[in-house]
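**Q** model this:
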Amino acid sequence: MAPDTPEQVRNARLRRADWRFLLPSPRPRRALCLATGALAEAVASIAAEVVEADTARDCDLVVAEDPNTHALARLHDALAPGGMCYTEWGPRPGGARAAERALRAAGFEDIVCYRPWPAAAESPVFRIPVGAPGARAYVRSRQRLRGGRLRRVIAEIGRRVGGALRGRLGTPVCALARRAQDHAPADRAPAAWLLEQWPGWGLGSAPGRLSTLLVTGGPRSVSKVVLLAFAEPSPIPLVAVKAPRVAEAVAGVEREADALAGLTARPLAAVPGVPRLLARREAGGVPLVVETAIVGRPLDTLLTSGSLAAWSGKVTDWLAALAPREPTRTPAHWRGAIVEPALSQFVDRFGGLVDPGVLREGEAIVRGIGALPAVAEQRDFGPWNVLVTPTGGIAVLDWESAELEGLPALDLLYFLTYAAFGVDGARSREERLASFRRSLDPTTRTGAVRRDCLARYGDALGLDPSQLAPLRSLVWLIHAQSDARHAIADAGGAPPRALLARSLFLGLWEEEVRRIAGQ
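**A** Numbering: from 1, shown residues only. Below you'll find the model as predicted:
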């Protein structure tokens with residue numbers, strides 16, 4: 001796919017092929033596709049070569065939609081021994097069993113069927129293995145955590161496919177199968193190699209049956225793909241495998257592995273809730289990170305006006321406990337390591353969009369950074385990445401943006417801002433800027449929580465309150481770069497000024513600078 005393909009097109013096309021992460025290699029070398037439309041475009045976007053049907057031989061992947069007996073025979077003949085077949089089957093009596101019988105009759109083996117959810121979606125969020133009650137129960141538990149519109153959508157989907165779940169009507173199915181070979185395959189499907197490595201991870205004996213649930217959420221092509229592994233029939237995932245969908249996401253996946261390895265090496269026994277790195281692996285040149293799965297309820301589903309103070313206090317204590325008690329770094333260190341690079345990038349992207357006086361004030365504020373201890377930053381510390389565990393503890397997901405030698409308070413400032421958005425019901429940019437302005441006023445409900453949590457965190461780390469001003473501005477300088485990257489991806493190149501000017505983080509930075517400068 002061309003590097004300048006607009007994000008909307010690229011994202012839709014790649015998500016149509018997310019099933020590839022269930023294969024031994026997500027990068028097929030030679031593929032035959034008998035499908036048309038979106039599925040054919042998706043296969044073309046991931047395969048090194050797509051061959052014509054009349055010359056198809058020695059393929060490592062073949063793909064089709066609703067294949068008949070003749071098409072299945074063509075697919076089988078086109079595969080090299082050990083090659084993989086991916087097929088999609090529309091609703092029909094017999095559902096997965098009918099698909100499996102047809103594939104087996106054509107000579108395929110190692111057949112695994114998945115049901116997409118939502119069933120009618122072009123790019124489903126989940127692909128649920130058929131005959132895996134644990135994985136299915138986990139998806140249902142995720143559905144129950146969200147209310148409102150999603151609950152109504154789920155109810156409608158349930159009405160439409162309820163008969164199918166009772167065996168009276170088929171549902172859409174996708175199936176993976178392998179052409180037999182004389183020896184054990186060198187490339188193993190995820191469930192097989194997870195079972196092979198399991199004994200060395202300290203997770204107990206290998207499960208008798210392991211299922212893998214494919215989770216492909218996130219709004220963009222750079223969002224990770226996740227496989228959750230279940231020791232059936234338990235609904236609690238034990239292992240998570242994360243993979244980058246595109247080359248630009250590789251650095252984030254590798255950074256997460258580095259961060260988890262670094263955190264594991266620190267004395268964090270008193271700070272549970274960080275995933276444990278189990279392994280790093282490559283499949284077809286795609287890096288995979290294997291870590292313990294973290295189970296809990298996303299905090300953004302629990303935050304209310306009444307519970308904001310209590311939950312924010314608990315998060316504050318967790319972040320304070322995560323910070324190591326190390327010697328402080330000098331102001332010169334922080335300016336060279338973080339402040340000046342972030343400021344340079346910000347000025348390059350946004351400098352022409354802001355008032356010159358505000359920009360000068362902002363530069364002076366962040367360059368006034370003092371001597372501060374280094375802490376581990378997660379750098380995407382929104383309530384959606386904070387889980388409340390079944391025992392009421394705090395756990396944190398997604399360390400792909402982490403900085404182990406980061407600055408204090410930045411994660412807390414980010415969390416408090418988005419927690420305020422949540423309880424204020426602020427969704428648009430304008431609503432969020434208004435919510436942020438209220439949170440800067442300690443006489444408001446969210447402002448009082450912000451004031452108290454920052455004081456609590458500062459006391460725990462021994463920070464002088466005056467040291468917070470540069471951090472309050474710096475956090476938005478850093479996060480503004482994600483808005484710039486998204487604008488470039490959306491435009492497929494240099495973004496228009498009007499798009500950059502709509503950056504939420506740019507607006508938050510302006511609000512914070514004006515407030516600090518006016519104090």
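
**Q** buried residues in stretch 119-139?
**A** 123-130, 132, 134-136, 138-139 (16 or more other Cβ atoms under 10 Å). For the C-beta atoms, the positions are set from N, CA and C on the backbone; glycine is no exception.

**Q** from the residues you listed, which two are the most distant?
**A** S123 and G134 (24.1 Å; Cβ to Cβ).

**Q** Contacts only, for the closest residue to Q467 other than its chain neighbours.
**A** Nearest non-adjacent residue to Q467, counting by Cβ to Cβ, 6 or more residues apart in numbering: G370, 5.0 Å away. The contact partners of G370, taken as Cβ atoms under 8 Å, 6 or more residues apart in numbering, are P331, D464, S466, Q467, P470.

**Q** if we can go back for a sec, from the buried residues of stretch 119-139, which land in strands?
**A** F126, R127, I128, P129 (DSSP state E).

**Q** Can you give me the distance of the second one to R456?
**A** When you say that, I think you mean R127. For R127, the distance to R456 (Cβ to Cβ, to the nearest Å) stands at 43 Å.

**Q** what secondary structure does L477 sit in?
**A** Three-state call for L477 (DSSP: H, G, I helix; E, B strand; the rest coil): helix.

**Q** I am assuming P373 contacts P327, so please confirm or correct that.
**A** Yes. P373 lies in contact with P327 (Cβ atoms under 8 Å); the separation is 7.2 Å.

**Q** higher neighbour count, these two?
**A** Using other Cβ atoms under 10 Å as the criterion, P373 and P327 rank with P373 on top: 16 against 7.

**Q** Check what pLDDT the more buried one gets.
**A** Per-residue confidence (pLDDT) for P373: 94.

**Q** need the contact list for it.
**A** The contact partners of P373, by Cβ under 8 Å, 6+ apart, come to A323, P324, R325, E326, P327, T328, R329, P408, L461.

**Q** Try it again at 6 Å.
**A** E326, T328 (Cβ atoms under 6 Å, 6 or more residues apart in numbering).

**Q** and what of the one 3 residues further on?
**A** A376 is in contact with L322, L404, counting by Cβ under 6 Å, 6+ apart.

**Q** tell me the secondary structure for it?
**A** Classified using three-state DSSP, A376 is strand.

**Q** what does V358 give?
**A** Secondary structure of V358, per three-state DSSP, is helix.

**Q** Once you drop chain neighbours, what's closest to it?
**A** Computed as Cβ to Cβ, 6+ apart, the closest residue to V358 that is not its neighbour in sequence is V513, at 5.6 Å.

**Q** Are we agreed that S45 is in a strand?
**A** No. Read with three-state DSSP, S45 is helix and lies in no strand.

**Q** and it, what pLDDT?
**A** So S45 comes in at 93 (pLDDT).

**Q** Quick check, it in contact with A12.
**A** No. The pair S45 / A12 is not scored as a contact, 10.2 Å apart, by Cβ atoms under 6 Å.

**Q** Derive a ChimeraX selection command for the buried subset of the contacts of G370.
**A** If you want just the buried ones from the contacts of G370 in ChimeraX, going by 16+ other Cβ under 10 Å, the selection is:
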select :331,467,470
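
**Q** pull the helix or strand with minimum mean pLDDT from this protein.
**A** Sorting the helices and strands of the chain by mean pLDDT, DSSP states H and E puts helix 148-165 at the bottom, at a mean of 43.

**Q** I'd like the average pLDDT over the following helix or strand past it.
**A** Where DSSP states H and E defines the elements, the next helix or strand beyond helix 148-165 is strand 173-179. Averaged across strand 173-179, the pLDDT comes to 96.

**Q** With stretch 19-39 instead?
**A** 95.

**Q** Give me the contacts around stretch 89-102.
**A** D66, I111, C113, V130, G170, T171, P172, V173, A175.

**Q** what does stretch 300-307 give?
**A** So stretch 300-307 is in contact with L145, P383, W384, A419, G422, V423, going by Cβ under 6 Å, 6+ apart.

**Q** State the number of residues packed around the residue nearest to V358.
**A** Around V513 there are 27 residues (other Cβ under 10 Å).

**Q** If I look at the residue nearest to E403 when sequence neighbours are not counted, what pLDDT would I see?
**A** Nearest residue to E403, sequence neighbours excluded (Cβ to Cβ, 6+ apart): E377, at 4.6 Å. Here the pLDDT value assigned to E377 is 94.

**Q** Would you mind measuring from E377 to P129?
**A** From E377 to P129 the distance is 36 Å (Cβ to Cβ).

**Q** State the number of residues packed around D355.
**A** Using other Cβ under 10 Å, D355 is surrounded by 12 other residues.

**Q** I figured R178 was touching D110, is that so?
**A** Yes. Look at R178 against D110 with Cβ under 6 Å: they come within range, at 4.3 Å.

**Q** who has more neighbours, the two?
**A** When neighbours are counted by other Cβ under 10 Å, R178 and D110 differ, and R178 comes out ahead with 21 against 15.

**Q** Compute the distance between the residue positioned nearest the centre of the chain and L404, please.
**A** Centroid-nearest residue in the chain, with Cα atoms, centre = their mean: K224, separated by 4.4 Å. In this structure, K224 and L404 are 20 Å apart, going by Cβ to Cβ.
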